[in-house]
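S.K.: predicted structure and sequence below. I'll ask about it afterward.
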Amino acid sequence: MVTLHITMGIESVVPKQTIQPYSDLQQYIFLTWFMAVFFVVTGYCSNYSKPFKPFLKSLIISVGLPIFFFDILVVNITNFITLPTSEAFYLLPFSLLRFFRYSFWFLRALFVAKLMYWAINKILNNRVVPILGVILILYILAGIAVLYGHGEHGCHSIMALALIATGDYVRKNNLLENKMICWGSLIIHIICITTMYVFSYSPPRIQNSILIHNCFDIPLLYIISVSGSIGIMFLSKIIGKNNILEYIGRYSLVIYCFHFIVNKLPFSYFISENSSLSYCLVYLICHTIVTISLCCLFAFVFDRKYLRIVIGKQ
(Lines give C-alpha, C1' and ligand atoms only; values in the text may rest on other atoms or scores of the structure.)
Protein backbone atom coordinates (compact mmCIF):
# COMPACT_ATOMS: atom_id res chain seq x y z
CA MET A 1 0.00 0.00 0.00
CA VAL A 2 2.75 2.43 0.94
CA THR A 3 4.83 1.58 -2.12
CA LEU A 4 1.78 1.96 -4.36
CA HIS A 5 1.16 5.52 -3.19
CA ILE A 6 4.85 6.40 -3.43
CA THR A 7 4.87 5.03 -6.97
CA MET A 8 1.93 7.30 -7.78
CA GLY A 9 3.97 10.23 -6.47
CA ILE A 10 6.93 9.25 -8.65
CA GLU A 11 4.61 8.97 -11.65
CA SER A 12 3.58 12.59 -11.10
CA VAL A 13 7.18 13.68 -11.81
CA VAL A 14 8.81 11.25 -14.27
CA PRO A 15 7.44 10.36 -17.72
CA LYS A 16 4.94 7.50 -17.48
CA GLN A 17 7.05 5.14 -19.58
CA THR A 18 9.97 5.43 -17.13
CA ILE A 19 8.28 3.72 -14.20
CA GLN A 20 5.65 1.80 -16.19
CA PRO A 21 7.56 -1.54 -16.27
CA TYR A 22 7.30 -1.64 -12.46
CA SER A 23 3.82 -0.09 -12.29
CA ASP A 24 2.45 -2.79 -14.58
CA LEU A 25 3.87 -5.52 -12.36
CA GLN A 26 2.28 -4.08 -9.21
CA GLN A 27 -1.19 -5.31 -10.11
CA TYR A 28 0.13 -8.87 -10.32
CA ILE A 29 2.60 -8.79 -7.43
CA PHE A 30 0.44 -7.40 -4.64
CA LEU A 31 -2.57 -5.33 -5.70
CA THR A 32 -4.74 -8.45 -5.74
CA TRP A 33 -4.34 -9.06 -2.01
CA PHE A 34 -2.78 -6.02 -0.32
CA MET A 35 -6.13 -4.49 0.80
CA ALA A 36 -8.11 -7.73 0.92
CA VAL A 37 -5.77 -9.16 3.55
CA PHE A 38 -6.67 -6.30 5.93
CA PHE A 39 -10.29 -7.45 5.90
CA VAL A 40 -9.43 -11.14 6.18
CA VAL A 41 -7.11 -10.47 9.13
CA THR A 42 -9.79 -8.32 10.75
CA GLY A 43 -12.23 -11.20 10.48
CA TYR A 44 -9.59 -13.54 11.85
CA CYS A 45 -8.71 -11.39 14.87
CA SER A 46 -12.09 -9.96 15.93
CA ASN A 47 -14.65 -11.32 18.38
CA TYR A 48 -18.16 -11.18 16.93
CA SER A 49 -19.81 -12.90 19.88
CA LYS A 50 -19.50 -9.80 22.07
CA PRO A 51 -22.66 -8.02 23.23
CA PHE A 52 -23.53 -5.05 21.05
CA LYS A 53 -22.44 -2.20 23.35
CA PRO A 54 -18.86 -3.41 23.99
CA PHE A 55 -18.55 -4.45 20.34
CA LEU A 56 -19.67 -1.00 19.14
CA LYS A 57 -17.46 0.77 21.67
CA SER A 58 -14.41 -1.21 20.51
CA LEU A 59 -15.30 -0.53 16.88
CA ILE A 60 -15.65 3.22 17.45
CA ILE A 61 -12.29 3.40 19.24
CA SER A 62 -10.36 1.20 16.80
CA VAL A 63 -11.89 2.47 13.55
CA GLY A 64 -14.01 5.58 14.17
CA LEU A 65 -11.46 7.61 16.15
CA PRO A 66 -8.64 7.14 13.59
CA ILE A 67 -11.00 8.62 10.98
CA PHE A 68 -11.48 11.63 13.26
CA PHE A 69 -7.84 12.16 14.25
CA PHE A 70 -6.16 11.32 10.94
CA ASP A 71 -8.71 12.78 8.54
CA ILE A 72 -11.36 15.11 9.98
CA LEU A 73 -9.00 16.85 12.41
CA VAL A 74 -6.32 17.23 9.72
CA VAL A 75 -8.87 18.66 7.27
CA ASN A 76 -10.05 21.23 9.81
CA ILE A 77 -6.52 22.26 10.78
CA THR A 78 -5.76 22.73 7.08
CA ASN A 79 -8.93 24.79 6.66
CA PHE A 80 -8.05 27.10 9.55
CA ILE A 81 -4.54 27.57 8.17
CA THR A 82 -5.47 28.19 4.54
CA LEU A 83 -8.96 29.76 4.70
CA PRO A 84 -10.48 32.78 6.40
CA THR A 85 -11.49 31.94 9.97
CA SER A 86 -15.20 32.54 9.32
CA GLU A 87 -15.16 30.14 6.36
CA ALA A 88 -13.24 27.51 8.33
CA PHE A 89 -15.82 27.68 11.14
CA TYR A 90 -18.62 27.40 8.57
CA LEU A 91 -17.09 24.22 7.14
CA LEU A 92 -16.52 22.65 10.57
CA PRO A 93 -19.88 20.83 10.92
CA PHE A 94 -19.76 19.68 7.28
CA SER A 95 -16.37 18.05 7.89
CA LEU A 96 -18.06 15.56 10.22
CA LEU A 97 -19.82 14.11 7.19
CA ARG A 98 -16.44 12.68 6.22
CA PHE A 99 -17.24 9.83 8.59
CA PHE A 100 -19.58 8.66 5.82
CA ARG A 101 -17.91 9.96 2.65
CA TYR A 102 -14.50 11.13 1.36
CA SER A 103 -12.43 9.99 4.35
CA PHE A 104 -10.38 6.75 4.25
CA TRP A 105 -12.54 4.37 2.21
CA PHE A 106 -10.97 1.36 3.90
CA LEU A 107 -11.90 2.43 7.43
CA ARG A 108 -15.45 3.37 6.44
CA ALA A 109 -15.90 0.03 4.70
CA LEU A 110 -14.37 -1.80 7.65
CA PHE A 111 -16.67 -0.08 10.14
CA VAL A 112 -19.85 -0.90 8.22
CA ALA A 113 -18.77 -4.43 7.28
CA LYS A 114 -17.96 -5.37 10.88
CA LEU A 115 -21.31 -4.06 12.07
CA MET A 116 -23.09 -5.97 9.30
CA TYR A 117 -21.28 -9.21 10.13
CA TRP A 118 -22.08 -8.86 13.84
CA ALA A 119 -25.75 -8.24 13.02
CA ILE A 120 -25.99 -11.15 10.56
CA ASN A 121 -24.49 -13.53 13.12
CA LYS A 122 -26.86 -12.31 15.81
CA ILE A 123 -30.00 -12.42 13.63
CA LEU A 124 -29.21 -15.87 12.22
CA ASN A 125 -28.12 -17.18 15.64
CA ASN A 126 -24.57 -18.03 14.44
CA ARG A 127 -25.83 -20.74 12.06
CA VAL A 128 -23.04 -21.18 9.53
CA VAL A 129 -24.99 -22.23 6.42
CA PRO A 130 -27.62 -19.44 6.52
CA ILE A 131 -24.92 -16.87 7.31
CA LEU A 132 -22.77 -17.95 4.38
CA GLY A 133 -25.84 -17.97 2.13
CA VAL A 134 -26.77 -14.39 3.01
CA ILE A 135 -23.19 -13.18 2.60
CA LEU A 136 -22.84 -14.95 -0.75
CA ILE A 137 -26.03 -13.36 -2.09
CA LEU A 138 -24.95 -9.91 -0.88
CA TYR A 139 -21.50 -10.36 -2.43
CA ILE A 140 -22.93 -11.34 -5.83
CA LEU A 141 -25.40 -8.43 -5.79
CA ALA A 142 -22.62 -5.99 -4.86
CA GLY A 143 -20.41 -7.36 -7.64
CA ILE A 144 -23.19 -6.94 -10.19
CA ALA A 145 -23.86 -3.40 -8.94
CA VAL A 146 -20.18 -2.49 -9.35
CA LEU A 147 -20.07 -4.09 -12.80
CA TYR A 148 -22.94 -1.91 -13.97
CA GLY A 149 -21.57 1.25 -12.35
CA HIS A 150 -23.93 1.57 -9.40
CA GLY A 151 -22.99 2.17 -5.77
CA GLU A 152 -19.31 1.29 -6.03
CA HIS A 153 -18.26 2.93 -2.79
CA GLY A 154 -21.29 1.60 -0.94
CA CYS A 155 -20.41 -1.87 -2.23
CA HIS A 156 -16.97 -1.82 -0.61
CA SER A 157 -18.56 -2.76 2.73
CA ILE A 158 -20.70 -5.55 1.27
CA MET A 159 -17.79 -7.13 -0.60
CA ALA A 160 -15.54 -6.69 2.43
CA LEU A 161 -18.19 -8.56 4.43
CA ALA A 162 -17.32 -11.75 2.52
CA LEU A 163 -13.62 -11.31 3.32
CA ILE A 164 -14.27 -10.65 7.02
CA ALA A 165 -16.50 -13.73 7.18
CA THR A 166 -13.75 -15.76 5.52
CA GLY A 167 -11.21 -14.63 8.11
CA ASP A 168 -13.59 -15.54 10.92
CA TYR A 169 -14.21 -18.96 9.34
CA VAL A 170 -10.46 -19.57 8.97
CA ARG A 171 -9.93 -18.82 12.68
CA LYS A 172 -12.86 -20.89 13.94
CA ASN A 173 -11.74 -23.91 11.89
CA ASN A 174 -8.03 -23.39 12.57
CA LEU A 175 -7.28 -23.49 8.84
CA LEU A 176 -3.92 -21.73 9.16
CA GLU A 177 -2.70 -24.89 10.84
CA ASN A 178 -3.73 -26.95 7.81
CA LYS A 179 -0.66 -26.82 5.57
CA MET A 180 -2.45 -28.48 2.67
CA ILE A 181 -5.07 -25.70 2.55
CA CYS A 182 -2.47 -22.96 3.04
CA TRP A 183 -0.05 -24.25 0.39
CA GLY A 184 -3.03 -24.93 -1.88
CA SER A 185 -4.21 -21.32 -1.47
CA LEU A 186 -0.75 -20.00 -2.28
CA ILE A 187 -0.45 -22.22 -5.37
CA ILE A 188 -3.93 -21.26 -6.60
CA HIS A 189 -3.05 -17.58 -6.23
CA ILE A 190 0.25 -17.95 -8.09
CA ILE A 191 -1.41 -19.92 -10.91
CA CYS A 192 -4.21 -17.34 -11.28
CA ILE A 193 -1.85 -14.36 -11.25
CA THR A 194 0.68 -15.97 -13.59
CA THR A 195 -2.06 -16.91 -16.06
CA MET A 196 -3.46 -13.37 -16.05
CA TYR A 197 0.02 -11.92 -16.49
CA VAL A 198 0.77 -14.19 -19.46
CA PHE A 199 -2.46 -13.14 -21.15
CA SER A 200 -2.07 -9.46 -20.10
CA TYR A 201 -5.37 -9.62 -18.23
CA SER A 202 -5.74 -6.96 -15.54
CA PRO A 203 -6.75 -8.75 -12.30
CA PRO A 204 -9.97 -7.74 -10.52
CA ARG A 205 -9.19 -6.12 -7.19
CA ILE A 206 -10.55 -4.12 -4.27
CA GLN A 207 -9.07 -0.65 -3.93
CA ASN A 208 -10.54 2.82 -3.67
CA SER A 209 -12.22 1.83 -6.94
CA ILE A 210 -13.29 -1.80 -7.21
CA LEU A 211 -12.04 -3.20 -10.52
CA ILE A 212 -14.40 -5.72 -12.13
CA HIS A 213 -14.39 -6.21 -15.90
CA ASN A 214 -17.16 -8.80 -16.36
CA CYS A 215 -19.35 -11.33 -14.54
CA PHE A 216 -16.51 -13.86 -14.46
CA ASP A 217 -14.49 -11.37 -12.39
CA ILE A 218 -17.00 -11.46 -9.51
CA PRO A 219 -16.03 -14.98 -8.30
CA LEU A 220 -12.44 -14.48 -9.53
CA LEU A 221 -12.07 -11.41 -7.30
CA TYR A 222 -12.99 -13.47 -4.25
CA ILE A 223 -10.76 -16.39 -5.25
CA ILE A 224 -7.58 -14.36 -5.79
CA SER A 225 -8.28 -12.07 -2.80
CA VAL A 226 -8.78 -14.95 -0.38
CA SER A 227 -6.09 -17.25 -1.79
CA GLY A 228 -3.60 -14.38 -1.74
CA SER A 229 -4.58 -13.33 1.79
CA ILE A 230 -4.38 -16.84 3.24
CA GLY A 231 -1.11 -17.41 1.38
CA ILE A 232 0.41 -14.21 2.84
CA MET A 233 -0.86 -15.03 6.35
CA PHE A 234 0.63 -18.52 6.03
CA LEU A 235 4.00 -17.20 4.84
CA SER A 236 4.00 -14.70 7.70
CA LYS A 237 3.38 -17.58 10.09
CA ILE A 238 6.31 -19.49 8.59
CA ILE A 239 8.64 -16.55 9.15
CA GLY A 240 8.05 -16.94 12.86
CA LYS A 241 9.11 -14.30 15.34
CA ASN A 242 10.49 -11.09 13.85
CA ASN A 243 10.38 -8.08 16.16
CA ILE A 244 10.53 -5.51 13.37
CA LEU A 245 7.73 -7.06 11.33
CA GLU A 246 5.63 -7.61 14.45
CA TYR A 247 6.04 -3.96 15.44
CA ILE A 248 5.08 -2.77 11.96
CA GLY A 249 2.09 -5.12 11.94
CA ARG A 250 0.94 -3.90 15.34
CA TYR A 251 0.66 -0.37 13.99
CA SER A 252 -0.50 -1.15 10.45
CA LEU A 253 -3.58 1.02 10.94
CA VAL A 254 -1.37 3.98 11.90
CA ILE A 255 0.77 3.38 8.82
CA TYR A 256 -2.36 3.22 6.66
CA CYS A 257 -3.65 6.57 7.96
CA PHE A 258 -0.47 8.52 8.72
CA HIS A 259 1.60 7.70 5.63
CA PHE A 260 -0.59 10.07 3.58
CA ILE A 261 0.68 12.94 5.75
CA VAL A 262 4.30 11.77 5.58
CA ASN A 263 4.09 11.39 1.80
CA LYS A 264 3.23 15.05 1.31
CA LEU A 265 6.98 15.54 1.08
CA PRO A 266 7.51 16.86 -2.47
CA PHE A 267 8.83 14.11 -4.70
CA SER A 268 10.43 16.65 -7.03
CA TYR A 269 13.16 17.26 -4.45
CA PHE A 270 14.59 13.82 -5.15
CA ILE A 271 13.11 12.80 -8.51
CA SER A 272 13.38 14.59 -11.82
CA GLU A 273 12.06 14.03 -15.31
CA ASN A 274 15.41 12.53 -16.27
CA SER A 275 15.49 9.95 -13.47
CA SER A 276 16.03 6.38 -14.67
CA LEU A 277 13.95 3.34 -13.72
CA SER A 278 16.81 2.00 -11.55
CA TYR A 279 17.09 5.29 -9.67
CA CYS A 280 13.30 5.46 -9.20
CA LEU A 281 13.22 1.93 -7.77
CA VAL A 282 16.07 2.68 -5.33
CA TYR A 283 14.31 5.86 -4.29
CA LEU A 284 11.05 3.90 -3.92
CA ILE A 285 12.71 1.49 -1.49
CA CYS A 286 14.35 4.30 0.53
CA HIS A 287 11.17 6.38 0.66
CA THR A 288 9.15 3.34 1.77
CA ILE A 289 11.58 2.59 4.62
CA VAL A 290 11.59 6.23 5.75
CA THR A 291 7.79 6.49 5.56
CA ILE A 292 7.13 3.33 7.57
CA SER A 293 9.84 4.31 10.10
CA LEU A 294 8.29 7.73 10.66
CA CYS A 295 4.83 6.21 11.01
CA CYS A 296 6.13 3.73 13.58
CA LEU A 297 7.89 6.55 15.43
CA PHE A 298 4.62 8.45 15.56
CA ALA A 299 2.87 5.32 16.88
CA PHE A 300 5.61 4.83 19.49
CA VAL A 301 5.17 8.38 20.77
CA PHE A 302 1.38 8.12 21.00
CA ASP A 303 1.16 4.57 22.34
CA ARG A 304 0.97 5.88 25.89
CA LYS A 305 -1.75 6.03 28.51
CA TYR A 306 -4.33 8.72 27.64
CA LEU A 307 -2.71 9.20 24.20
CA ARG A 308 -3.13 5.82 22.50
CA ILE A 309 -6.78 6.52 21.83
CA VAL A 310 -5.51 8.73 18.98
CA ILE A 311 -4.21 5.64 17.18
CA GLY A 312 -7.33 3.56 17.86
CA LYS A 313 -6.14 1.67 20.93
CA GLN A 314 -7.78 1.49 24.35
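M.R.: Sure thing, it's come through.
S.K.: so how far is residue 313 from residue 306?
M.R.: 11 Å (C-beta to C-beta, to the nearest Å). (C-beta placed from N, C-alpha, C; glycine too.)
S.K.: now swap in residue 215 and tell me
M.R.: Taken as C-beta to C-beta, the span from residue 215 to residue 313 is 42 Å.
S.K.: between the two, which one's more packed in?
M.R.: Set residue 215 next to residue 313 and count neighbours by other C-beta atoms under 10 Å: residue 313 wins out with 18 against 12.
S.K.: what's the closest non-adjacent residue to the more buried one?
M.R.: Distance criterion C-beta to C-beta, 6 or more residues apart in numbering; nearest residue to residue 313, sequence neighbours excluded, is residue 303 at 6.8 Å.
S.K.: what's the burial count for that neighbour?
M.R.: Neighbour tally, residue 303, other C-beta under 10 Å: 16.
S.K.: which residue sits closest to the most centrally placed residue in the chain in space, ignoring its chain neighbours?
M.R.: Centroid-nearest residue in the chain, with C-alpha atoms, centre = their mean: residue 35, separated by 3.5 Å. Closest residue in space to residue 35, ignoring its immediate chain neighbours: residue 206 at 5.4 Å, by C-beta to C-beta, 6+ apart.
S.K.: give the contact list for the residue nearest to the centre of the chain.
M.R.: By C-beta atoms under 8 Å, 6 or more residues apart in numbering, the contact list for residue 35 reads 1, 106, 205, 206, 207.
S.K.: distance of the third one from residue 23?
M.R.: Meaning residue 205. Residue 205 is 14 Å from residue 23, by C-beta to C-beta.
S.K.: quick check: residue 165 touching residue 131?
M.R.: Yes. Using C-beta atoms under 8 Å, residue 165 makes contact with residue 131 at a distance of 7.1 Å.
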